[in-house]
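Peer 1: Sequence plus predicted model, see below.
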Amino acid sequence: MSLAHSAPAATAVPAVAAIASLHQAPASARQARPPAPAPTADTSKRTVSPAVHLLAGGLGGCMGALITCPFELVKTRLQSSAHTQLVKNRFFYTATSAPLSGTVDIVRSIYKTEGLWAFWKGIGPTLLGVIPARAIYFATYNEAKRALTKLNGGESSAVYMGSAISAGVATTISTSPIWLVKTRMQLQSNQQNPRYRSSWDCLTKVVREEGFFSLYRGLSASLIGISEGTIQWLIYEELKKLQAQRRDLPPASAAGASTKSLTDWVEYFACAAVAKLTAATLTYPHEVIRTRLREPPAPGAAHKYTGFWQAGKLIAKEEGARALYGGMGVHLLRVVPNSAIMFLCYEGVVHLAQHQ
């Protein structure tokens, strides 16, 4: 009996040793392999100067404005009080009651009475405003973001919001007169006897007839509109973070990759479009109020709208709260692709500058 029990015990020792060796071999092999490198940012990319952000922002703004200018013209006409009154007189409803009908009527009217190129009316002051505005905006945003990130010890939602507010204030104050001239040029439809013959004529007449500070009419609405840019940047940056996390890459590494696929650029376009759609929808009433504040007064009359809150209350009282959303459909058709094109061009120029 002792021999019977000792035989299995004797054979068990080499078996255990064999099993142990099977476990130890892979472990030693794993230890011999070098650990997989953690994903890091591309070290070949260059630090981009503020001048590149100026160029990238200006180019992006220019491309977006040229492509979507017709939507801007139709939107401005829809937002104006003259259009609201016309619709009331003809159809007995406010401009916002039948936006599709109003939009089609305006497009047909512009084409028949003013010609095809009228859809690009005001493109001169628009480009004069868009190019420096977007250049200043993107350059200021990135410089503020760099400084706030260093101060905060890293990127955060507060950094994005602070950067966007800084960029919005700098851009709005520096370009407000250009936007007033653009609005005045787009609102005049009398081709036989136009009130303003050119952008320069409009600028000089406004200063002479209404005073220098009239060039800043609508500034209060524009400053309140900074909230739109703040929301947009916050959503855009967070969506880019999610895009990087989905690929298991830190945001810096994803942004700094030396090569980008078509999917990367499509996702940038989509992130910008979603961010703009959300921000523009939430803050749209300030667009209508700003347009009304920039309207020229009737000959011999004072300005009907004198301030942001006064204008908002008066529009809601006389035309209904829905009038504050007049032209929003056309506005979104313009600003969403405009913003997506602008951000895509911006990211492309910065990417090229980083890896040349």
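Peer 2: Cool, the structure landed.

Peer 1: and residue 193, what element?
Peer 2: Here residue 193 sits in a region with no helix or strand, counting by DSSP states H and E.

Peer 1: Next up, the contacts around it.
Peer 2: Going by C-beta atoms under 8 Å, 6 or more residues apart in numbering, residue 193 touches no other residue. Backbone N, C-alpha and C define where each C-beta goes, glycine included.

Peer 1: got it, and residue 272?
Peer 2: Counting by C-beta under 8 Å, 6+ apart, residue 272 touches 236, 339-340, 342-344.

Peer 1: Who wins on neighbours among these?
Peer 2: Highest neighbour count within the contacts of residue 272: residue 342, with 28 neighbours (other C-beta atoms under 10 Å).

Peer 1: pretty sure it contacts residue 64?
Peer 2: Yes: using C-beta atoms under 8 Å, residue 342 is in contact with residue 64, at 4.1 Å.

Peer 1: Let me see the ranges of the strands in the stretch 51-200 of the chain.
Peer 2: In the stretch 51-200 of the chain, no strands are defined using DSSP state E, counting those that start in this stretch.

Peer 1: remind me which residues of it are low pLDDT?
Peer 2: Applying pLDDT under 70 to the stretch 51-200 of the chain flags the ranges 79, 81-101, 189-192.

Peer 1: Which stretches in it count as helices?
Peer 2: If DSSP state H, counting those that start in this stretch is used as the criterion, the helices of the stretch 51-200 of the chain fall at 81-91, 99-114, 123-152, 157-187, 199-210.

Peer 1: closest to residue 271 out of these?
Peer 2: Closest to residue 271 of the helices of the stretch 51-200 of the chain is helix 157-187 (C-beta to C-beta; 13.2 Å).

Peer 1: Just want the angle from that closest one to helix 123-152.
Peer 2: For helix 157-187 against helix 123-152, the angle by axes from the mean of the first three to the mean of the last three C-alpha atoms, to 10 degrees is 170 degrees.

Peer 1: In terms of secondary structure, what does helix 157-187 contact?
Peer 2: For helix 157-187, the packing partners by 3 or more C-beta pairs under 8 Å, 6 or more residues apart in numbering; DSSP states H and E come out as helix 50-79, helix 123-152, helix 199-210, helix 219-224, helix 226-246, helix 285-294.
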